[in-house]
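Participant: Compute the structure for the input listed below.
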Amino acid sequence: MNLYRRALAALKPYWKHLVTASVSAALSAVLAGLLVWMLGPLLMVLFEVSDPMATVAAPTATAEVRPATPGEATGNSGMIQKLSSRLGKVKESMQAWVDGIVRSDNRRQTLLNFCWLAFLVVIAKNVFLYLRGYFMAYVQQALVRRFRDQLFEKYQRLPLGYFHGRRTGQVISRITNDVLVLNDSVDIGFNNLVTDAITVIVLFAFLVILSWKLTLLSMIVMPLVFVFIWFVGKKLRKYSARTQERMADVNSVLEEAVTNLRIVKAFSTEEFETGRFFRATHQYFRSLLRMTRIRHLAAPINDMLATTAGLFILLVAGTRIIAGTGELSAGDFITFIVAMLAMIKPVKSLSQIHIKLQEGMAAAERIFEVLDAPETVGEPAAPVVLPEFREVIRYEGVWFRYETSDDVLRDVTFEVRKGEVVAIVGPSGAGKSTLLDLLPRFYDPQRGRVAIDGHDIRTLSLASLRRQMGIVTQETLLFNDTIANNIAYGLTDVPRERIEEAARIANAHQFIAEFERGYDTPVGNRGVMLSGGQRQRVAIARALLRDPAILIFDEATSALDTESELLVQEAIDRLMRDRTVLVIAHRLSTVKNADRIIVLDRGRIVECGSHSDLLRHNGLYNRLYTMQFQDVDAHTPA
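Facilitator: Numbering: from 1, shown residues only. Sure thing, here's the model as predicted:
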């Protein structure tokens, strides 16, 4: 029930539109019922002479007013007679109301009056149908937008660790597929629920007014219908969740194949990727087919049950009327049958509502699962704004581990004073990148703390913390936009002169100017239109434009060729002037001029000092440096 309440609570901001849509749906249903009720009086007026059933309907009156036996006048029989009498008066009043509007001195005029009344009722009914559809569509689209906005905003707040164990397609599927499934449920749940429910109520009231005995007889089949609906809904909720997971798999394979298209073509694995995609779509097809099989089983079975009940009533009531023992006139009998047949469609639709709601609840469960995900790295309750970095960065007894790993950092303690350049080196898997990821709070340590100017960074506002930093990584990610917009990413109203100045310092202006459209050149998806060195220099210009006090370089040159590395390293050297820098370098030759070098191994600091100091010790840094330059000498032509 909590899931239902949360889903309904999401509709609260749109209650005015929902009320308007619901009232319009109700009035439309009442007017549709009025058209059905008008049929009986019309038949009685137009065909009272020629209708053969009118001749056998006469005994009805005598049958209804025959004296009661002593046993019938007491107890339940007396109550039943009173109920029948009251219902009879209601029926007479309703028939008299319709007769008063349409009945005239001759049948032709009566027919004309009926046609005018029916025309006006149909116009009004469809006006209300339009209002229902419009306001309900507003609610649906507003709800879709709201959930998509909430999911996207939540993704921005969730820590990087949340995405490590999830495929991109699964993340995207929550915003695309799951929200649309929930939208369909809202459409069915409100659009059809109000209209069909009121239609059924109105028509059922007509049936009771016309003959409560026959109505009671027709209700025998309803428990079977509801039991079947409940069974189908339970099955569909399970199959719907599975189907949505399969759709997420399809999105994942598609996203990975498109993103890594260069690798796919380089390894000639087009057929392999096609096979993966075909398998994913086949699994989705099979899951969807199971769900469709269950869903479409409901309609024909409910139809057969309802039709069987209708035919049974037709047989019983028709036999009594033909025998002259019925309690209905010919016109009332026709109205009863038409109303009962008219109920079949809305009843079938109502049976589908439960099924659709179960599909929607499966989607809502997945959506709320994301919205409820813990924000392990979030804004503090009372954030402290860090105006500027002034003195020192301290790592104090820091321990860190990912959810599915052993400790990556173990009791790490060091400090970086303002204006220092500190390099982090060590073998692969030593925890270098993780160490620097803690500073902008991409993750929080399980033990210990990271502090800036004495403030635990967990007490600082994320915006003020990250505003102090510029980050350049080995994998440079650009957006599918122009070069200028990538350099000025996240900043508004930046003069073109400042962008060009940042590009010049980053050694990027020359290659940008060679493009036909210059700074307005699109870089393509993930910057594919630029080379690795060009992307890296654009990233450096982006960091430089923000004028950060603290710079973080994570192996920023390790993936570049020699020429590109020289250009990028020159840009980095310019960027590092008068700034506090933490740098991870794969090539140890790039960190020789660092003020201090911290050597990590298996998550612990094993050495710390300047380049010359560390070389004098026969430690890990000496071995790494010696191995690297022996490898370089071995590959250098004599």
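Participant: For the nearest residue to residue 164 once chain neighbours are set aside, grab the count of nearby residues.
Facilitator: If you skip the residues right next to it in sequence, residue 164 has residue 402 as its closest partner in space, 7.1 Å away by Cβ to Cβ, 6 or more residues apart in numbering. Heads up, the C-betas are built off the backbone N, CA and C, glycines and all. The number of residues packed around residue 402, counting by other Cβ atoms under 10 Å, is 14.
Participant: my guess is residue 402 meets residue 408, correct?
Facilitator: Yes: with contact defined as Cβ atoms under 8 Å, residue 402 counts as touching residue 408 (6.5 Å).
Participant: Looks to me like residue 428 is in a strand.
Facilitator: No: counting by DSSP: H, G, I helix; E, B strand; the rest coil, one finds residue 428 to be coil, located in no strand.
Participant: Quick one, grab the pLDDT at it.
Facilitator: On the pLDDT scale, residue 428 is placed at 83.
Participant: Now do the phi/psi pair for it.
Facilitator: Dihedral angles of residue 428 (phi, psi; degrees, to the nearest 10) stand at phi -60, psi 140.
Participant: residues contacting it?
Facilitator: Residue 428 is in contact with no residue at all, counting by Cβ atoms under 8 Å, 6 or more residues apart in numbering.
Participant: if I look at it, how far off is residue 624?
Facilitator: 11 Å (Cβ to Cβ, to the nearest Å).
Participant: With residue 571 instead?
Facilitator: Between residue 571 and residue 624 the distance is 26 Å, computed by Cβ to Cβ.
Participant: Which of these two has more residues huddled nearby?
Facilitator: More neighbours sit around residue 571 than around the other of residue 571 and residue 624, counting by other Cβ under 10 Å; the figures are 26 against 17.
Participant: Give the next helix or strand downstream of the helix or strand encompassing that one.
Facilitator: Secondary-structure assignment from DSSP states H and E places residue 571 in helix 562-576. On the C-terminal side of helix 562-576, the closest following helix or strand by DSSP H and E is strand 580-584.
Participant: strands paired with the following helix or strand past that next one, and their directions?
Facilitator: Toward the C-terminus, strand 580-584 is succeeded by strand 596-601 as the next helix or strand (DSSP H and E). The pairing partners recorded for strand 596-601 under DSSP bridges are strand 421-425 (parallel), strand 604-609 (antiparallel).
Participant: In TSV, list the ones you listed along with mean neighbour count, distance to residue 346 and mean pLDDT.
Facilitator: Conversion of those to TSV gives the following (neighbours: other Cβ atoms under 10 Å; distance: least, Cβ to Cβ, whole Å; pLDDT from 0 to 100):
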stretch	mean neighbour count	distance to residue 346	mean pLDDT
strand 421-425	23	69	90
strand 604-609	16	71	92
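Participant: Now render the ones you listed as a markdown table, adding distance to residue 279.
Facilitator: A markdown table is the format used below for the strands paired with strand 596-601 (distance: least, Cβ to Cβ, whole Å):
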| stretch | distance to residue 279 |
| --- | --- |
| strand 421-425 | 42 |
| strand 604-609 | 44 |
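Participant: With residue 547 as the reference, name the closest of those strands.
Facilitator: Comparing the strands paired with strand 596-601 by their distance to residue 547 (Cβ to Cβ), the top pick is strand 421-425, with 17.5 Å.
Participant: Let me know the average pLDDT across the helix or strand following the closest one.
Facilitator: Past strand 421-425, heading to the C-terminal end, the next element that is a helix or strand (DSSP H and E) is helix 432-437. Helix 432-437 comes out with an average pLDDT of 90.
Participant: check contacts around residue 504.
Facilitator: Contact analysis of residue 504 by Cβ under 8 Å, 6+ apart lists nothing.
Participant: Now do the phi/psi pair for it.
Facilitator: phi -60, psi -50.
Participant: how near is it to residue 523?
Facilitator: Look at residue 504 and residue 523: by Cβ to Cβ, they are 18 Å apart.
Participant: Could you tell me how many residues sit around the spatially closest residue to residue 521 that is not a sequence neighbour?
Facilitator: Closest residue in space to residue 521, ignoring its immediate chain neighbours: residue 515 at 4.2 Å, by Cβ to Cβ, 6+ apart. Counted by other Cβ under 10 Å, the residues lying close to residue 515 total 14.
Participant: Please apply the same query to residue 449.
Facilitator: 17.
Participant: which residues does it bridge with?
Facilitator: Applying DSSP bridges to residue 449 yields these beta-bridge partners: residue 396.
Participant: which residues touch it?
Facilitator: Residue 449 makes contact with 396-398, 456-458, according to Cβ under 8 Å, 6+ apart.
Participant: Pipe the residues you listed into JSON lines and attach neighbour count per row.
Facilitator: JSON lines is the format used below for the contacts of residue 449 (neighbours: other Cβ atoms under 10 Å):
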{"residue": "396", "neighbour count": "16"}
{"residue": "397", "neighbour count": "12"}
{"residue": "398", "neighbour count": "23"}
{"residue": "456", "neighbour count": "14"}
{"residue": "457", "neighbour count": "21"}
{"residue": "458", "neighbour count": "17"}
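Participant: Considering the residues you listed, which is situated nearest to residue 196?
Facilitator: The shortest approach to residue 196 among these belongs to residue 458, at 53.7 Å (Cβ to Cβ).
Participant: The closest one reaches residue 444, doesn't it?
Facilitator: Yes: using Cβ under 8 Å, residue 458 is in contact with residue 444, at 6.2 Å.
Participant: picking up where we left off before, how much space separates the residue nearest to residue 521 from residue 176?
Facilitator: Relative to residue 176, residue 515 is positioned 34 Å away (Cβ to Cβ).
Participant: now residue 464
Facilitator: 34 Å.
Participant: what's the answer for residue 433, then?
Facilitator: Per Cβ to Cβ, residue 433 is found 31 Å from residue 176.
Participant: Looking at those two, which has the bigger crowd around it?
Facilitator: Set residue 433 next to residue 176 and count neighbours by other Cβ under 10 Å: residue 433 wins out with 17 against 14.
Participant: Which residues lie in contact with the more buried one in this structure?
Facilitator: Applying Cβ under 8 Å, 6+ apart, we find residue 433 in contact with 554, 584.
Participant: now the strands for the chain?
Facilitator: For the chain, strands defined by DSSP state E occupy the ranges 392-401, 407-417, 421-425, 447-452, 455-456, 469-473, 550-554, 580-584, 596-601, 604-609.
Participant: who's in contact with the longest one?
Facilitator: This means strand 407-417. With Cβ under 8 Å, 6+ apart as the test, strand 407-417 has contacts from 391-402, 422, 431, 434-435, 438, 445, 448, 580, 582, 598, 600, 602-605, 608.
Participant: Could you pull up the residues touching residue 580?
Facilitator: With contacts defined as Cβ under 8 Å, 6+ apart, the neighbours of residue 580 are 389, 393, 416-421, 549-551.
Participant: Switch the residues you listed over to TSV; also include distance to residue 538.
Facilitator: Written out in TSV, the entries for these read as follows (distance: Cβ to Cβ, whole Å):
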residue	distance to residue 538
389	25
393	27
416	27
417	31
418	28
419	27
420	27
421	23
549	22
550	21
551	16
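Participant: Walk me through the domains of this structure.
Facilitator: When the chain is parsed with automatic domain parsing, its domains come out as 13-66+76-371, 382-468+582-638.
Participant: if I read this right, residue 21 contacts residue 140, doesn't it?
Facilitator: No: under the criterion of Cβ under 8 Å, residue 21 makes no contact with residue 140, lying 10.0 Å away.
Participant: confidence score at residue 501?
Facilitator: Taken from the predicted model, the pLDDT recorded for residue 501 is 88.
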